[in-house]
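Asker: need coordinates for the below:
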Amino acid sequence: MTAKTTALFETHRQLGAKLTDFGGWEMPLSYPSGTIAEHLACRRGAAVFDVSHLGTVVVEGSGARDRVQAALTNNIDKVAPGRAQYTHLLDPNDASVIDDIIVVWVAEERFFVMPNASNTENVIGVLGGTDITRNRSVLALQGPSAMGIAASFDPTIAEMKRFRVQEFRFGGEDGHVSTTGYTGEQGVEFSVPNSVAPQLFGELIERGAIPAGLGARDTLRLEAGLPLHGHELGPGITPYEAGLGWVVDLSKPEFRGRDALLHQEQSGRRYSLVGVMASSRQPLRADMELRRPEGELVGRVSSGNFSPMLGVGIGLAFVTSPVAVHDYLEVGQGKNVRRVEVVDLPFVSKAYAKT
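Answerer: Residues are numbered from 1 along each chain as shown. So this is what the prediction gives:
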């Protein structure tokens, strides 16, 4: 099957991007500057990512709010039009996370539900709605300088708080901008018609943003301790086991998977998510086994890589027996055994948590 492409595909090629298949989309993994340089640009200045592969399903009309409320774990009544919310869609049988989702409440009875790239059909199957993924582009501008660059297009953006959304007009076309992201930095995500996306991408670069690919996006989210679907979320993993119980509102009398989640909790959590840090630059990798020094298997790394900010290998891991911060575990076998330390998450503090 031929991979889908975004409206910025030719732009990425012209910029010399290394392209890769991700969720059925051909996306930039990195640009000639390299993943580490892109990562550091986001932490120290501003980077712009094409994340148009993420889904957008419009749920609107009479009863739209009730459909969102009944399907997803979080409580939409905690927010209001003009705000966004992070939430989960659960499997009704075992409460595992089918997808983690951003819901953008655009207007009364109008929502943009944004699933991961491969899960759009699952969301439509539960919520209904109209898939507009191929009709719009999403550009994520992230980093300490991001809000200043965004405000150069529209000064009102500078006043937006975290997880807010408002209209954004560019190139004579209507879109919206939300103060969301997946890097641990302050920033915004622009959703605009495909026809103006290359122009906006170019102007963001002209105003100081560095183009960045999915490689940097992954190392940034890992440093920030943010989950990745298929690693920290997915079949057999409940929100509680992923350390994300705050996205579940049990005060709602009903939502998809609620009964299964309560049953799973009564049975006892099978594992918990922790952070582990090596003392060398060698990256940690998914599926590495974690053992106590005496040999007991206690878990596996779910995501791992090299941290450009810390200069060492880091990883998120599911453990099946209790461990404490500053405990030492081992990865590898034989002469390749390395010691890792259990650490608090996030590895690098989230900039938006300081505001």
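Asker: which helices and strands sit right next to the helix or strand containing I149?
Answerer: Using DSSP states H and E, I149 maps to helix 146-151. Applying 3 or more C-beta pairs under 8 Å, 6 or more residues apart in numbering; DSSP states H and E, one finds that helix 146-151 contacts strand 187-193. The C-beta positions use only the backbone N, C-alpha and C, and glycine is treated the same way.
Asker: ok, the strand it packs on: who's next to it in the sheet?
Answerer: Using DSSP bridges, the strands paired with strand 187-193 are strand 136-142 (antiparallel), strand 173-178 (antiparallel).
Asker: avg pLDDT for the helix holding I149?
Answerer: The average pLDDT for helix 146-151 rounds to 98.
Asker: related to what we said a few turns ago, quick one, which of the strands paired with strand 187-193 is packed in tightest?
Answerer: Ranked by mean neighbour count under mean count of other C-beta atoms under 10 Å, those are led by strand 136-142, which reaches a mean of 25.
Asker: make JSON lines out of the strands paired with strand 187-193 and add distance to D99 and mean pLDDT.
Answerer: Shown next, in JSON lines, are those (distance: least, C-beta to C-beta, whole Å; pLDDT from 0 to 100):
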{"stretch": "strand 136-142", "distance to D99": "16", "mean pLDDT": "98"}
{"stretch": "strand 173-178", "distance to D99": "18", "mean pLDDT": "98"}
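Asker: figure out which of the ones you listed is closest to D66.
Answerer: Smallest distance to D66 across the strands paired with strand 187-193 (C-beta to C-beta): 22.9 Å, for strand 173-178.
Asker: domains for the chain, by residue range?
Answerer: Following automatic domain parsing, one finds the domains of the chain at 9-55+133-223, 57-131+238-267.
Asker: from the chain's centre, how far out does the longest one sit?
Answerer: Taking the mean C-alpha point of domain 9-55+133-223 and that of its whole chain, the gap between them comes to 13 Å (C-alpha atoms, centre = their mean, to the nearest Å).
Asker: now do that domain: distance from first to last residue.
Answerer: 28 Å (C-alpha to C-alpha, to the nearest Å).
Asker: so where's this structure uncertain?
Answerer: Residue ranges of the chain with pLDDT under 70: 1, 353-355.
Asker: nearest residue to A324 other than its sequence neighbours?
Answerer: Closest residue to A324 apart from its sequence neighbours, by C-beta to C-beta, 6 or more residues apart in numbering: V342 at 6.6 Å.
Asker: contacts only, for the nearest residue to G143 once chain neighbours are set aside.
Answerer: Leaving aside its sequence neighbours, G143 sits nearest to A46 (C-beta to C-beta, 6+ apart; 3.9 Å). Counting by C-beta atoms under 8 Å, 6 or more residues apart in numbering, A46 makes contact with L141, Q142, G143, P144, S145, A146, I149, G187, G208, A209, I210.
Asker: export the strands paired with strand 187-193 to TSV and tack on distance to F163?
Answerer: Output for those, formatted as TSV (distance: least, C-beta to C-beta, whole Å):
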stretch	distance to F163
strand 136-142	14
strand 173-178	7
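Asker: just tell me which of these ends up closest to L273.
Answerer: In terms of C-beta to C-beta, the element of the strands paired with strand 187-193 nearest to L273 is strand 136-142, at 23.5 Å.
Asker: on that earlier part again, so what touches the helix or strand just after the helix holding I149?
Answerer: For helix 146-151, the following helix or strand on the C-terminal side (DSSP H and E) is strand 165-170. Contact with strand 165-170 is made by 82-84, 104-106, 153-154, 156-157, 160, 174-179, 190-192, 196, 199-200, as judged by C-beta under 8 Å, 6+ apart.
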